[in-house]
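1. for reference, the sequence and a predicted model appear below.
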Amino acid sequence: MGDLKRQKVNVVATLVVIAAFAWVCLWVWDPVKLGWASPNPLDNMSLFAEGSLEASFRTLRTIGAVVYLALAVFAVYQALPAQREDSLQRRIGSLYAWICVFNLACVLGGTILHPGIVPFLPILLQLCLALAALIGLVVLIVILTRRKVAPTPLTPARACFVFVPLALYLGWLGLFLLEQLILSMLSIYPG
């Protein structure tokens, strides 16, 4: 794959995943639509207290927003003309785009497939897709940190704009995988 094509594919993949996460946060995880809250804010005073389900979703949205903002910074950095022929960016290649595809399928898989129709399928699907994305990201980080291929110095820009966003993404996917494991266990053993 050519350098310019790689940059475009990675930027588009990042933007699509960010848009999907924003869609899920703004429209799917709405507590009123899900029946967890009343449209009247005064009726929901106890719901928005710490420890409530809404507080958990607020925390999840905030962490996700930080992670996806870091990925947007990564996408902009790797799309710069100066990074086009960089050996580190070439090692990233299209693997990052595939990780984004698995993440996108994971985010949308559980929201499009309604749990009421097939109770265990959305959770199992998300579990497999999250695992695939997590394994892909671990492989990508291993490829980037191997010094045998083409040693590249770790500059502050590379640390901030490549490794920190990918590390945040790894933590985010790991947290999501753990959540899916817990949900799958709860759906099998609901007691």
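-> Okay, I see it.

2. other SSEs contacting the longest helix belonging to the chain?
-> Under DSSP state H, the helix in the chain containing the largest number of residues is helix 53-79. Using 3 or more C-beta pairs under 8 Å, 6 or more residues apart in numbering; DSSP states H and E as the contact test, the elements touching helix 53-79 are helix 3-23, helix 164-188. Placement of C-beta: from N, CA and C, glycine included.

3. rounded mean pLDDT for that helix, please.
-> Average pLDDT, helix 53-79: 82.

4. quick check: angle from that helix to helix 164-188?
-> 140 degrees (axes from the mean of the first three to the mean of the last three C-alpha atoms, to 10 degrees).

5. tell me which residues of helix 53-79 are tucked away?
-> 54, 57, 61, 64, 67-68, 70-75, 77-79 (16 or more other C-beta atoms under 10 Å).

6. got the angle between that helix and helix 3-23?
-> Taking the same axes, to 10 degrees, one finds that helix 53-79 is oriented at 170 degrees with respect to helix 3-23.

7. next SSE downstream of helix 53-79?
-> Where DSSP states H and E defines the elements, the next helix or strand beyond helix 53-79 is helix 87-92.

8. and that next one, what does it pack against?
-> With contacts taken as 3+ C-beta pairs under 8 Å, 6+ apart, helix 87-92 sits against helix 3-23, helix 121-145.

9. and it, what's buried?
-> 88-89, 91-92.

10. outside of the helix or strand following it, which residues touch it?
-> Next along the chain after helix 87-92, taking DSSP H and E as the criterion, comes helix 95-112. The contact list for helix 95-112, computed with C-beta atoms under 8 Å, 6 or more residues apart in numbering, reads 9-10, 12-14, 16-17, 20-21, 24, 28, 122-123, 125-126, 129-130, 132-133, 136-137, 139-140, 143, 169, 173, 176.

11. which of those count as buried?
-> Taking 16+ other C-beta under 10 Å as the criterion, what is buried in the contacts of helix 95-112 is 9-10, 13-14, 17, 20-21, 24, 122-123, 125-126, 129-130, 132-133, 136-137, 140, 169, 173, 176.

12. if we can go back for a sec, so which of the buried residues of helix 53-79 comes closest to T155?
-> Nearest to T155, judged by C-beta to C-beta, of those is Y77 at 11.5 Å.

13. neighbours around P156, how many?
-> The number of residues packed near P156 is 7, by other C-beta atoms under 10 Å.

14. actually A159, not the one I wrote
-> With other C-beta under 10 Å as criterion, A159 counts 11.

15. if I look at it, how far off is Q83?
-> Separation of A159 from Q83 (C-beta to C-beta, to the nearest Å): 14 Å.

16. then V162?
-> Taking C-beta to C-beta, one finds V162 at 9 Å from Q83.
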